[in-house]
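J.: Below: sequence and its predicted model.
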Number of protein chains: 2
Amino acid sequence: MPSSPGRQRTPRTSLSRERILAAAVQVADERGIASVTMRKVAEHLGVEAMSLYHHVANKDEILDGIVDVVFGEIELPVGQFDWKTTMRRRAVSARHVLARHPWALGLMESRRHPGPSTLRHHDSVIGSLRAAGFSIGMAAHAFSALDSYIYGFVLQESNLPFRTTEELEDMAETIVQRMPAGVYPHLAEMIADHALQPGYAYGDEFTFGLDLILDGLERALLGPGAPARGGPFRQTGADRSAPPPPG
Amino acid sequence: MPSSPGRQRTPRTSLSRERILAAAVQVADERGIASVTMRKVAEHLGVEAMSLYHHVANKDEILDGIVDVVFGEIELPVGQFDWKTTMRRRAVSARHVLARHPWALGLMESRRHPGPSTLRHHDSVIGSLRAAGFSIGMAAHAFSALDSYIYGFVLQESNLPFRTTEELEDMAETIVQRMPAGVYPHLAEMIADHALQPGYAYGDEFTFGLDLILDGLERALLGPGAPARGGPFRQTGADRSAPPPPG
DNA sequence: ACCTGAACACCGTTCAAGT
DNA sequence: ACCTGAACACCGTTCAAGT
């Protein structure tokens, strides 16, 4: 009687790709990406390591999968606001999601198979820019500039010596120890007179760079005839919504 | 006779931390970061894995070490040009070095001990900005914005579906296969009408975003009373070289 | 169909031993 | 002082076997 209900001691919920990825994300969040092993993910699910291979081809598929799960958590751009507000909200969401799963960025470099959530996210961002009047070339520029900034910021945030107060003081110590020899004077100054000041939080830097890029994109969008000095931009491919640049 | 010269069959050159790191970098470049194991690095040096432990505490020290080796390859900002040129040159150098060793960015997320080359590099960048008249707060803004952009760009470059022509066509195939269902229309458009156009190279996007940031920084540096609309910036800590923002 | 035990070729690291 | 062999507790993955 295969489908009869009732208490069975074997599988509480039967294994699935989704349950495996969710468990892997949880293990990565709680114990670091190095702890994401077939054996530990399986243990987390009350199952043997070899059982996982019935739902994923190998560990690489799990790693591809959890990166995609993370992208699926990022708020998709919604159309109710102007493009700058939409892009800013989405950038802030991406930053928070990636900061919550910092291992995802470390994994990105080795992943070459974007999953459906990632593709959907990118598609939505491009669509949002196009709807705001960005040409294909300008949308590509905007997409590249914004995502580069977001990813890099989170990467720095999870790596930079001056992040949290505790680590900062560790760092300050290291710097100060090497000061007698006169090395790193500017780093020392920045730590002492800036990063160690009350109220400092590296995370606050995010909006500065983000607004720099958004404002620059706005200028490029509004007046392609007047790009910022020293920063000409090429419009590649089909440009349907913006007039061609002069010259 | 311990120091007598002549042919000895044992150590061609005696092992050292530097030789171990150089070997580890080479293994990572040639066979990927996953191949950087104590056994393989040792093999590369004609030695047993256990010998490495006499020069490094553990594998983590090797990983910290090779990230620092990579930072040491980046051209330090030199003072003979204006700050924008200096920062642009340094950004281009950082981009190329990091692209040559893409595993370094993947490692960054898990590293918390910046080495001497990394500290020296950061110190030099901050010093260069300060000499150009940036206040401490503005130098922190500039440093964060530029490095975030550079790191994130390389990360995308080593990960984005549309990178090299071969992979791009793979990607286009995937997208097109899902097109009947109407998914990813904007991504499909961008690939077909932009990325697949002759002469396209994702790497060309680098300068656009870089100039956006450099121009924005220049505006912020020249006229703190007239920051771009929507992009106010806070000056934190001691600001010695720039007048305080109005209000 | 789904799960598993044993096995294989690997890991990082310790430790006692060699020179 | 520097290097190493054997050993331990892990890895990812295969395969034949269980239900």
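T.: Cool, got the structure.
J.: How much space separates the residue nearest to residue A:169 when sequence neighbours are not counted from DNA strand C?
T.: Closest residue in space to residue A:169, ignoring its immediate chain neighbours: residue A:196 at 7.9 Å, by C-beta to C-beta, 6 or more residues apart in numbering or on different chains. The C-beta positions use only the backbone N, C-alpha and C, and glycine is treated the same way. Here residue A:196 is placed at a distance of 33 Å from DNA strand C (C-beta to the nearest atom of the strand, to the nearest Å).
J.: for residue A:196, what are its contacts?
T.: A:168-169, A:172 (C-beta atoms under 8 Å, 6 or more residues apart in numbering or on different chains).
J.: Format those as CSV; extra columns: pLDDT and neighbour count.
T.: Shown next, in CSV, are the contacts of residue A:196 (pLDDT from 0 to 100; neighbours: other C-beta atoms under 10 Å in any protein chain shown):
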residue, pLDDT, neighbour count
A:168, 72, 18
A:169, 75, 13
A:172, 73, 18
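J.: just curious, which of the residues you listed is nearest to residue B:76?
T.: residue A:172 (23.1 Å; C-beta to C-beta).
J.: so what's the closest one closest to, chain neighbours aside?
T.: Spatial nearest neighbour of residue A:172, chain neighbours left out: residue A:191 (5.2 Å); criterion: C-beta to C-beta, 6+ apart.
J.: In terms of pLDDT, where does the closest residue to residue A:26 other than its chain neighbours sit?
T.: Leaving aside its chain neighbours, residue A:26 sits nearest to residue A:44 (6.8 Å; criterion: C-beta to C-beta, 6+ apart). Residue A:44 carries a pLDDT value of 95.
J.: try residue A:159
T.: With respect to pLDDT, residue A:159 scores 82.
J.: can you count the residues close to the closest residue to it other than its chain neighbours?
T.: The shortest distance from residue A:159 to any non-neighbouring residue, by C-beta to C-beta, 6+ apart, is to residue B:108 (4.8 Å). Using other C-beta atoms under 10 Å in any protein chain shown, residue B:108 has 25 neighbouring residues.
J.: can I assume residue B:108 is in contact with residue A:155?
T.: Yes - counting by C-beta atoms under 8 Å, residue A:155 is a contact partner of residue B:108 at 5.7 Å.
J.: Name the residues contacting each of the two.
T.: Contact criterion C-beta under 8 Å, 6+ apart; residues shared by residue B:108 and residue A:155: residue B:151.
J.: Flag every residue of chain A that's near DNA strand C.
T.: Within reach of DNA strand C by C-beta under 7 Å from any atom of the strand, chain A has these residues: A:11, A:14-15, A:47-48, A:50-51, A:53-55.
J.: Can I get the buried part of those residues as one ChimeraX selection?
T.: This is how ChimeraX selects the buried members of the residues of chain A next to DNA strand C, with burial counted by 16 or more other C-beta atoms under 10 Å in any protein chain shown:
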select /A:15,47,55
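J.: Make TSV from the residues of chain A next to DNA strand C and add pLDDT and secondary structure to it.
T.: What follows is these, written out as TSV (pLDDT from 0 to 100; DSSP: H, G, I helix; E, B strand; the rest coil):
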residue	pLDDT	secondary structure
A:11	45	coil
A:14	83	coil
A:15	91	coil
A:47	95	coil
A:48	95	coil
A:50	95	helix
A:51	95	helix
A:53	96	helix
A:54	95	helix
A:55	96	coil
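J.: ok, so of the residues of chain A next to DNA strand C, who is nearest residue A:95?
T.: Of all those, residue A:95 sits closest to residue A:55, with 31.7 Å by C-beta to C-beta.
J.: helices or strands next to the helix or strand where residue A:26 lies in the packing?
T.: Assigned by DSSP states H and E, residue A:26 belongs to helix A:17-31. On a contact count with 3 or more C-beta pairs under 8 Å, 6 or more residues apart in numbering or on different chains; DSSP states H and E, helix A:17-31 meets helix A:38-44, helix A:59-73.
J.: Mean neighbour count, these: which tops it?
T.: Among the helices and strands packed on helix A:17-31, judged by mean count of other C-beta atoms under 10 Å in any protein chain shown, the one packed with the most neighbours on average is helix A:59-73 (a mean of 20).
J.: Kindly calculate the angle that that one makes with helix A:17-31.
T.: Orientation of helix A:59-73 against helix A:17-31 (axes from the mean of the first three to the mean of the last three C-alpha atoms, to 10 degrees) gives an angle of 80 degrees.
J.: Give me the contact status of helix A:59-73 with chain B.
T.: No - judged by C-beta under 8 Å from any C-beta of the partner chain, helix A:59-73 makes no contact with chain B; its nearest approach is 9.3 Å.
J.: What is the subsequent helix or strand relative to that helix?
T.: As assigned by DSSP H and E, the chain's next helix or strand after helix A:59-73 is helix A:83-100.
J.: Only the buried residues of the helix or strand following that following helix, if you could.
T.: Sequence order places helix A:103-108 as the next helix or strand after helix A:83-100, per DSSP H and E. Neighbour counts using 16+ other C-beta under 10 Å place A:103-108 of helix A:103-108 among the buried residues.
J.: between the helix holding residue A:26 and helix A:83-100, how many degrees?
T.: 70 degrees.
J.: May I ask which helix or strand of chain A has the lowest mean pLDDT?
T.: Here the helix or strand of chain A ranked lowest by mean pLDDT, DSSP states H and E is helix A:165-178, holding a mean of 72.
J.: Report the distance from that one to the chain centre.
T.: How far helix A:165-178 lies from its chain's middle: 28 Å, per C-alpha atoms, centre = their mean, to the nearest Å.
J.: So which other helices or strands are in contact with that helix?
T.: Helix A:165-178 sits against helix A:185-190, with contacts defined as 3+ C-beta pairs under 8 Å, 6+ apart.
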